[in-house]
Each structure stands twice: as structure tokens, then as C-alpha cells.
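> Okay, sequence plus prediction incoming.
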Amino acid sequence: MSFDRELVSPDAEGDERVIEAALRPKRLGEFIGQARVREQLSLVLQSALLRARPPDHVLMSGPPGLGKTTLAMIIAAELGAPLRVTSGPALERAGDLAAILSTLSDGEVLFIDEIHRMARPAEEMLYLAMEDFRVDIVVGKGPGATAIPLDIAPFTLVGATTRAGLLPAPLRDRFGFTAHMDFYERDELEQVLRRSARLLSVDLPGEAAEEIAGRSRGTPRIANRLLRRVRDFSDVRAEGLITREIASAALNLYEVDAEGLDRLDRAVLTALLRRFGGGPVGLSTLAVAVGEEPETVEVVAEPFLVRQGLLARTPRGRVATAAAWTHFGLVPPPGAFGALDAFGAADEE
Ligand SMILES: Nc1ncnc2c1ncn2[C@@H]1O[C@H](COP(=O)(O)OP(=O)(O)OP(=O)(O)O)[C@@H](O)[C@H]1O
């Protein structure tokens, strides 16, 4: 089984990156939702500006599409500093990182997306750079190898991760501030949608925004994408008019249900309910059953399902909750919640 991931995935690809860039809030004041993170970050940035020193390194963690890259750009903008962007998978060797670190300018913001996927030698180089603004360039091999220390410009590291639990403690501890990004509330998503509609010159009445927001999995990137699909539908079939009914018809066509569950969410839950009697079942087994990578199920589908109270992570595996059985109109077998009762939900991170 494979999915049309374009519509429902919280990841952005191809042309979408261009549209996203246009829709990104540029300053902290324009950033919607995440009130606590915004306030904390604003203090960190303002005090750095007062002291005329680079702020502490910032780690942002949370599911994809919640605005981590946007916030990294905002941090640089608020500091009036240049921004260098890279990602964990691009830093395969220590030399890849050394090339970046040694050319940073004073106060520059270095954004490393997917920082949990950085290779070990690069990670070790980063420890020293974060703490002492220094890198050790190793020359030669074996017992004759020497480390030549090289001072680098004071900089601010902004790391983003969907898997904070995978970061080694020494790296996590070197961040002075961690922003935990959570799914957005419905009214916050409505604000995101109203803002995007304005920028895209789309006439979006409040009740249509409400309808789209309710189906956006708490994720601004998905809200913006659904808005564009509703706009397509309205242009082709409704002469450019958008109402709640038209938005609803468009989203039904794209198989995004009223709870915001998408095809992957539904596949995970139906496999759990129908094939494994509601669990407990291990992540890998569940992922094989829906034809996805375990990481996709864990990072993309599960956080939202856990938040909606439809799935629980227990030490013995994934378990469907009573609400999941009800959502699909199914009756749980006797003893279905044994694992939940015995252990309770053991959400990681
Ligand atoms: N708080 C917000 N207010 C308005 N729009 C937002 C907000 N957060 C995110 N967006 C929109 O959602 C899109 C995705 O955000 P962003 O790329 O920053 O997410 P991300 O968490 O970095 O995701 P990934 O880690 O997958 O790259 C952006 O184009 C932006 O338009």
C-alpha cells in the first residue's frame, strides 16, 4: 500500500517550498500561536540585544510543519544577523561542519535542521564550537595525528529536531534554551489561514477558515496546503466562491476527514484495530502493515494520534484507545484495554 503523501504529509517538497517562503512570517510579532515559546524566545533575544552579545544556542523540537524553520529565520531577522542554513544529513564528516564553522561571521545564526541526524564526528566538533567558539582541526592519522585549534567567530546555533529524545545528552545540554513546539489550536490555525488567504488574495469567509482549520492536524503547513486545494476546487467548480460547504466538499474529495485524520492516520489506526485487535503491537510491525517506514509512522502520524487521544504508546507497544474504536464505529474485543490499564500511556520525549 502506498499513499499520495503530497497532500497529507507535513513535509514540504518542490514548488511548495517556494510558496511556503512567501507565506512565512518574517518577524516574531507576525508569528501566530506558540505563545509561550514566543514569549520565552523574545526574552532571550531582547536580552542578547541589550548586552550586545549573541544569545544562547536555541534548540527547537516538535513534529514537522509547526514552524521551526520559520522561527530560525525570525531569530536571525530579530537579531539583525545573517543566517546560514544546513541540515544534519548534510554533515556527514567533521570537515563538512568545519568548513561552515570556520567561515561564520561574528554573530551569525547557524541553523541545523534535523540536527539528530548529524554524523558522530561532526557532532563532537560541534560541542567544542558551541562551548568555546573553537574547532580542533585534526591533521594526520593514527598516533601521529595532531589537533590544531582554530578560533571561530561567536555565533548562535539554532538546531531543529523532530526527535529530541534521540539527541545525545552532551549536545542537548549545550543549548541554553529549548523551544518545545506543540500542535496549534484551531483558532490559531484560523488566524494562519486568514493571513495566508490575504497574502494569496483568496476571499476566505470565517466559517470556511474554521472548516479548514479543523482538518489541518494542528499544523500550519497542512493548513496552508489545504487552503490551496480548496482554492483549486473553488476556481474549477465554484467560480472562485469559497463557503463552508465548498471547503468541506473539497476536503472530502481529498480524503481529509472532519477530525483532520488523513490517509496515513487512518491506515495506522485501522491496521491497529482490525489486524492487531487494538494492540499492543510494536512500531515496526505496525509500520510494515501500512507500508511505511517506522520513522514516518512515529514522527508524522503518531504525535497527532496521541494528542487526539486515539492511540497510546505503552511499554508493550502501540494501543488503540476506546475513542479510536468509536471513531471507526467498531466494538473492541473483551480485554482490549489490558495493556493500557496495566501500564498507562508511556509517551516518550
Ligand atoms: N506560527 C506561524 N504562523 C504563520 N504561518 C506559519 C507559522 N508556523 C508555520 N507557518 C507556515 O507553515 C509553513 C511551514 O513552516 P516551517 O517550514 O517553518 O515548519 P518546520 O517546523 O520547519 O517544518 P520542517 O521541520 O518540516 O521543515 C511555513 O511556510 C509557514 O508559512
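Perfect, I can see it now. Source: prediction; values computed, not measured.

> need the residues of the stretch 151-300 of the chain near the ligand, please.
Counting by CB under 6 Å from any ligand atom, the stretch 151-300 of the chain comes close to the ligand at 160, 192, 220-221, 224. For glycine as for every other residue, the C-beta is placed from the backbone atoms N, C-alpha and C.

> Check the stretch 1-150 of the chain too.
11, 20, 23-25, 31-33, 64-70.

> which residues touch I242?
202-205, 208, 230-231, 234 (CB atoms under 8 Å, 6 or more residues apart in numbering).

> Could you report the pLDDT at V300?
With respect to pLDDT, V300 has a value of 89.

> Chain neighbours aside, what residue packs nearest to L49?
L79 (6.9 Å; CB to CB, 6 or more residues apart in numbering).

> cool, P55 as well?
In space, P55 is closest to A48, 3.6 Å off (CB to CB, 6+ apart).

> Give me the below-cutoff pLDDT ranges for this structure.
Scanning the chain with the threshold set as pLDDT under 70 gives 1-16, 337-349.

> what separates F304 from A22, distance-wise?
Distance of F304 to A22, computed by CB to CB, to the nearest Å: 26 Å.

> Of the two, which one has the most company?
F304 (23 against 9; other CB atoms under 10 Å).

> What strand or helix carries the closest residue to the more buried one other than its chain neighbours?
Setting aside the residues directly before and after it, F304 is nearest to R217 in space (CB to CB, 6+ apart), at 5.1 Å. In the assignment (DSSP states H and E), R217 maps to no helix and no strand.

> gap between R217 and the ligand?
To the ligand, R217 is 12 Å away according to CB to the nearest ligand atom, to the nearest Å.

> Contacts only, for that residue.
Taking CB under 8 Å, 6+ apart, one finds 10, 183, 260-262, 265, 304 in contact with R217.

> What is the nearest of those to L251?
G260 (9.4 Å; CB to CB).

> From what I see, the closest one and A223 are in contact.
No: G260 is beyond contact range of A223, at 9.8 Å (criterion: CB atoms under 8 Å).

> from the contacts of I242, which two are the most distant?
So, the contacts of I242 by CB to CB: farthest apart are P205 and R231, at 13.1 Å.

> Which one of those two is surrounded by more residues?
R231 (20 against 15).

> helix or strand for that one, which one?
helix 220-237.

> contacts for the helix or strand that contains L59?
Per DSSP H and E, L59 falls inside strand 58-61. With contact meaning CB under 8 Å, 6+ apart, strand 58-61 is reached by 41, 44, 68, 71-72, 75, 115, 156-164, 167, 172, 175-181, 349.

> Just want the angle from the next helix or strand after that strand to helix 220-237.
Downstream of strand 58-61, the first helix or strand assigned by DSSP H and E is helix 68-79. If you take axes from the mean of the first three to the mean of the last three CA atoms, to 10 degrees, helix 68-79 sits at 110 degrees to helix 220-237.

> Residues touching helix 68-79, excluding its own?
With CB under 8 Å, 6+ apart, helix 68-79 has contacts from 24-28, 31, 37, 41, 45, 48-49, 54-55, 58, 60, 62, 82-83, 85, 107, 109, 111, 113, 156, 158, 160, 179, 181.

> Give the buried subset of those residues as a ChimeraX selection command.
Per 16 or more other CB atoms under 10 Å, the buried members of the contacts of helix 68-79 correspond to this ChimeraX selection:
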select :24,25,28,31,37,41,45,48,54,55,58,60,62,83,85,107,109,111,113,156,158,160,179,181
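
> can you tell me which of the contacts of helix 68-79 are in helices?
37, 41, 45, 48-49 (DSSP state H).

> Tell me which residue is most central in the protein.
P64 (2.0 Å; CA atoms, centre = their mean).

> I'd assumed V299 was in contact with that one.
Yes: between P64 and V299 there is a contact under CB under 8 Å: 6.9 Å.

> shared neighbours, these two?
Joint contacts of P64 and V299 (CB under 8 Å, 6+ apart) are T162.

> Count the residues that sit near D203.
Count around D203 with other CB under 10 Å applied: 12.

> Likewise for R198?
11.

> which SSE is it in?
Here R198 is assigned to helix 186-199, by DSSP H and E.

> which parts of that helix are buried?
188-197.

> Repeat that for stretch 241-250.
Buried, per 16+ other CB under 10 Å, within stretch 241-250: 242, 246-248, 250.

> Of these, which belong to helices?
246-248, 250.

> one step back: compute the inter-axis angle for the helix holding R198 and helix 220-237.
Using the same axes, to 10 degrees: helix 186-199 against helix 220-237 is 50 degrees.
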